[in-house]
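In: Sequence below, structure please.
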Amino acid sequence: MNLQHTENGLKSRPNLMRTGALYVLPVLLLSVVLIALWTVWGRSESIESIYMDQISSSLKIRSALLIPRFKNFIKTSRTHQDFYEFAKTVAGQAETRITLIDQQGNVLCDSENEQMLPNHSSRPEVQMALKTGFGSSVRYSSTLQQRMLYAALRFTDNNHQIMILRTALSVKSIDAVLLKSRQDIIFTGGIIIVIMICLAYIAVIYVIIPVGKISNSAKKIAAGELKVRLPVSGRGAIRDLALNLNEMAEQLHGRLDAITREKSQRDAILSSMTEGVIAVDLNEKITNINNAAKKIFAITSSPDEMSIAELFRDNGISKFVKKVISERITQKQEFALHDINEKFLMVRATAILDESSVISGILLVLSDITMIKKLENFRQDFVADVSHEIKTPLTIIRGAVETLEDGALDDPDSARKFMGIIIRHVDRLNNLIADILSLSSLDHYQQKKQQFAPCNIADTINTAINLCRTKAEKNSVEICAENLTDTKLPGDEGLLEQAIINLIDNALKYSKPDNKIIVKAVKQEDELIISVQDFGCGIAAEHLPRLFERFYRVDRARSRKLGGTGLGLAIVKHIVQLHHGTVEVNSEPDSGSTFIIHLPQE
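Out: Numbering: from 1, shown residues only. Presented below is the predicted three-dimensional model:
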């Protein structure tokens with residue numbers, strides 16, 4: 001026996017005892033042995049009972065054969081000694097003890113005792129014989145000092161007196177045989193118990209303890225500890241079992257690692273995707289959703305047990321999913337989410353097939369096309385606005401040319417008038433084209449990362465004011481520069497100058513004669529604030545949110561009359577955004593307007 005293995009087995013006993021596993025086999029074997037011994041012992045009691053019944057029947061037969069002789073003897077015998085001599089003679093011939101008892105229990109004679117014996121009416125076999133005619137019992141004889149089997153048979157003598165003839169045999173030999181058999185049973189049972197204990201010990205060491213270790217390790221493996229390895233015993237089926245389980249654990253560990261890696265890669269891919277991904281089952285319940293999809297629908301947690309129709313709030317998606325399931329081909333369709341800031345989604349759906357090519361679900365890929373939609377709408381609006389803005393001056397120019405061709409050219413005053421109209425609207429077209437080119441140039445700048453050189457903002461503002469001063473004097477408007485900080489910040493001096501000119505020009509258009517325009521540049525914490533304030537007619541609050549949109553005019557007729565293109569403030573916004581700043585406006589009707597530019601200093 002391997003000593004180290006045995007020591008390890010013994011060390012693990014307390015743990016197994018706590019679980020009860022160590023007792024199962026020994027207790028079972030011991031129970032079997034005890035049941036077998038109890039059965040054999042019970043059979044020995046049955047054998048004794050059978051022997052006693054057979055002897056009792058034999059004694060009954062002997063008594064029946066002896067009764068005629070005693071009847072004849074009773075007629076002639078008178079003394080106790082005569083009875084004793086006769087009983088002793090008959091007993092020797094019959095090889096049994098004989099006792100003659102009358103109805104009152106008085107012993108008339110006994111073959112083993114010449115003396116008068118006490119009354120036997122209390123003896124069990126005598127009482128039974130008086131009642132039923134025959135009785136027997138096994139008990140200890142105080143006369144012979146041993147266990148005896150007594151058989152009493154009732155009869156009637158010639159004088160019609162009830163008598164009892166009792167015969168008896170010693171059961172010493174039977175007790176000896178039974179004692180020997182029981183001793184053999186006990187000895188054999190002891191040997192069997194010792195053998196069973198040895199077998200149980202061997203089973204505990206080589207079966208129960210290894211199986212217990214394997215069971216504990218298997219539980220750890222089942223709980224997910226796949227790095228645990230089962231102890232391998234020296235030989236046999238348990239060794240093969242441990243090796244097979246270890247190989248299974250190794251394979252499970254490898255497969256689980258592969259599945260974990262695949263899941264991590266899949267989760268990383270889904271998390272990094274800009275498109276939303278949603279998996280639904282055949283009941284249209286959401287089973288998986290990535291972060292992009294959660295962001296699209298403005299949710300923070302996974303919508304467990306929610307249907308795709310509830311998420312979209314559109315029954316059209318349910319019909320779309322059913323169509324994919326029925327046709328088993330990839331489908332795509334555009335959906336609008338009206339409850340979430342008017343979002344537009346392009347949804348592509350593909351059936352998910354299992355190994356048997358049976359549809360197990362649907363995979364939805366969501367592309368947010370809201371910006372594309374807005375750009376399309378913006379492009380359409382822009383083209384329409386540009387077409388309208390160009391068409392109006394061209395129509396006027398054509399009308400003026402046609403008038404000149406019809407004879408107005410011969411009239412110097414009319415010719416000068418219509419030529420002035422043509423020149424004014426040509427300038428308007430020129431300004432419009434210039435502003436459109438400026439916007440296009442700014443869009444190009446925004447697509448590229450620009451590295452700006454430091455520029456002095458005070459010099460830029462002064463230059464812009466000087467360029468607008470002639471027009472201001474013509475309109476009797478004063479332009480004042482106040483609190484101009486002598487600060488440099490990174491920027492395009494030409495573009496910033498154009499933004500300030502556009503704001504001053506816009507203020508001039510809506511300022512009354514003898515008004516003034518105030519331009520300020522103030523450094524505040526980590527930003528520079530440029531403001532252009534006028535005291536003109538002001539702007540109603542409903543127009544302020546859209547004021548910086550392209551071609552948006554508060555008063556279209558007045559704007560065109562003043563030569564505006566509708567792009568000046570849009571150009572200002574793009575220039576400011578190019579410098580990573582913001583622009584805003586504060587205005588009230590009849591109180592003037594203040595346009596404020598916030599530019600970061602770094």
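
In: who are the neighbours in contact with the residue nearest to Ala453 when sequence neighbours are not counted?
Out: Across the structure, with Cβ to Cβ, 6 or more residues apart in numbering as the measure, the residue nearest Ala453 apart from its sequence neighbours is Pro490 (6.8 Å). Bear in mind the C-beta positions are built from the backbone N, C-alpha and C, glycine included. Contacts for Pro490 (Cβ atoms under 8 Å, 6 or more residues apart in numbering) come out as Phe452, Ala453, Pro454, Cys455, Glu602.

In: what does Ile325 give?
Out: Counting by Cβ under 8 Å, 6+ apart, Ile325 has contacts Leu282, Ala351, Ile359, Ile362.

In: same question, Ser56
Out: Listed by Cβ under 8 Å, 6+ apart, the contact partners of Ser56 are Ser136, Leu149, Ala151.

In: Just the buried ones out of the residues you listed, please.
Out: The neighbour count (16 or more other Cβ atoms under 10 Å) marks Ser136, Leu149, Ala151 as buried among the contacts of Ser56.

In: Quick check: pLDDT value at the residue in the chain sticking out farthest from the centre.
Out: Going by Cα atoms, centre = their mean, the residue of the chain most distant from its centre is Thr76, 110.5 Å out. Residue-level confidence at Thr76 comes out at 73, pLDDT.

In: For whichever strand or helix holds Gln498, report the contacting residues that lie outside it.
Out: Gln498 is located in helix 493-509, with elements delineated by DSSP states H and E. The set of residues that contact helix 493-509 without belonging to it, under Cβ under 8 Å, 6+ apart, is 438, 442, 455, 457, 460-461, 463-465, 467-468, 471-472, 475, 477, 479, 517, 519, 530, 532-534, 536, 559, 562, 564, 568-569, 571-572, 575-576, 578-579, 593, 595, 597.

In: where in the stretch 351-500 of the chain is pLDDT low?
Out: Along the stretch 351-500 of the chain, the model assigns pLDDT under 70 to residues 381-382, 384-386, 388-389, 392, 432, 435, 439-450.

In: where exactly do the helices run in it?
Out: Along the stretch 351-500 of the chain, the segments classed as helices by DSSP state H, counting those that start in this stretch run 370-405, 412-446, 457-474, 493-509.

In: Show me what the longest one is packed against.
Out: Think helix 370-405. The contact analysis (3 or more Cβ pairs under 8 Å, 6 or more residues apart in numbering; DSSP states H and E) places helix 370-405 against strand 343-353, helix 412-446.

In: one step back: go through the contacts of Ser56 and name the one nearest Asn106.
Out: Of all the contacts of Ser56, Asn106 sits closest to Ala151, with 19.3 Å by Cβ to Cβ.

In: Doesn't that closest one lie inside a strand?
Out: Yes - assessed by DSSP: H, G, I helix; E, B strand; the rest coil, Ala151 belongs to a strand.

In: quick one on the thing from earlier: could I get the contacts of Ser56 as TSV with distance to Asp110 and pLDDT?
Out: Below are the contacts of Ser56 laid out as TSV (distance: Cβ to Cβ, whole Å; pLDDT from 0 to 100):
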residue	distance to Asp110	pLDDT
Ser136	18	89
Leu149	16	87
Ala151	15	91
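
In: for these, which one is nearest Asn216?
Out: Of all these, Asn216 sits closest to Leu149, with 63.1 Å by Cβ to Cβ.

In: From Cys480, how far out is Ala472?
Out: Look at Ala472 and Cys480: by Cβ to Cβ, to the nearest Å, they are 10 Å apart.

In: Residues in contact with both of those two, list them for me.
Out: Between them, Ala472 and Cys480 share the neighbouring residues Ile517, with contact defined by Cβ under 8 Å, 6+ apart.

In: beta partners for the closest residue to Leu364 other than its chain neighbours?
Out: By the measure of Cβ to Cβ, 6+ apart, the closest residue to Leu364 outside its immediate chain neighbours is Ile278, 4.5 Å from it. Beta bridges link Ile278 to Ile289, Leu364 when assigned by DSSP bridges.

In: so Ile278 makes contact with Ile286?
Out: Yes - contact status for Ile278 versus Ile286: in contact at 6.1 Å, counting by Cβ atoms under 8 Å.

In: quick one, strands of the stretch 501-602 of the chain?
Out: 516-524, 527-534, 582-588, 592-600 (DSSP state E, counting those that start in this stretch).

In: cool, the stretch 1-150 of the chain as well?
Out: Defined through DSSP E, counting those that start in this stretch, the strands belonging to the stretch 1-150 of the chain, from first to last, are 97-102, 107-110, 134-141, 146-156.

In: Just the CA trace of the longest one, in CSV.
Out: Listed in CSV are the C-alpha atoms of strand 146-156, where the atom choice follows Å, rounded to 0.1, in the frame of the first residue of the first chain:
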residue,chain,number,x,y,z
GLN,A,146,-30.7,-29.8,34.5
ARG,A,147,-33.1,-28.6,31.7
MET,A,148,-35.7,-31.2,30.9
LEU,A,149,-38.5,-31.6,28.3
TYR,A,150,-41.7,-32.8,30.1
ALA,A,151,-44.7,-34.4,28.3
ALA,A,152,-47.8,-35.2,30.3
LEU,A,153,-50.7,-37.4,29.0
ARG,A,154,-54.0,-37.7,30.8
PHE,A,155,-55.8,-41.1,31.1
THR,A,156,-58.4,-42.8,33.2
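
In: Now that strand: buried residues?
Out: Neighbour-count burial for strand 146-156, with 16+ other Cβ under 10 Å as criterion, is recorded at Met148, Leu149, Tyr150, Ala151, Ala152, Leu153, Arg154, Phe155.

In: Save the residues you listed as a markdown table, and put in distance to Ile501 too.
Out: As requested, these are arranged in a markdown table below (distance: Cβ to Cβ, whole Å):
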| residue | distance to Ile501 |
| --- | --- |
| Met148 | 148 |
| Leu149 | 146 |
| Tyr150 | 149 |
| Ala151 | 150 |
| Ala152 | 152 |
| Leu153 | 154 |
| Arg154 | 155 |
| Phe155 | 160 |
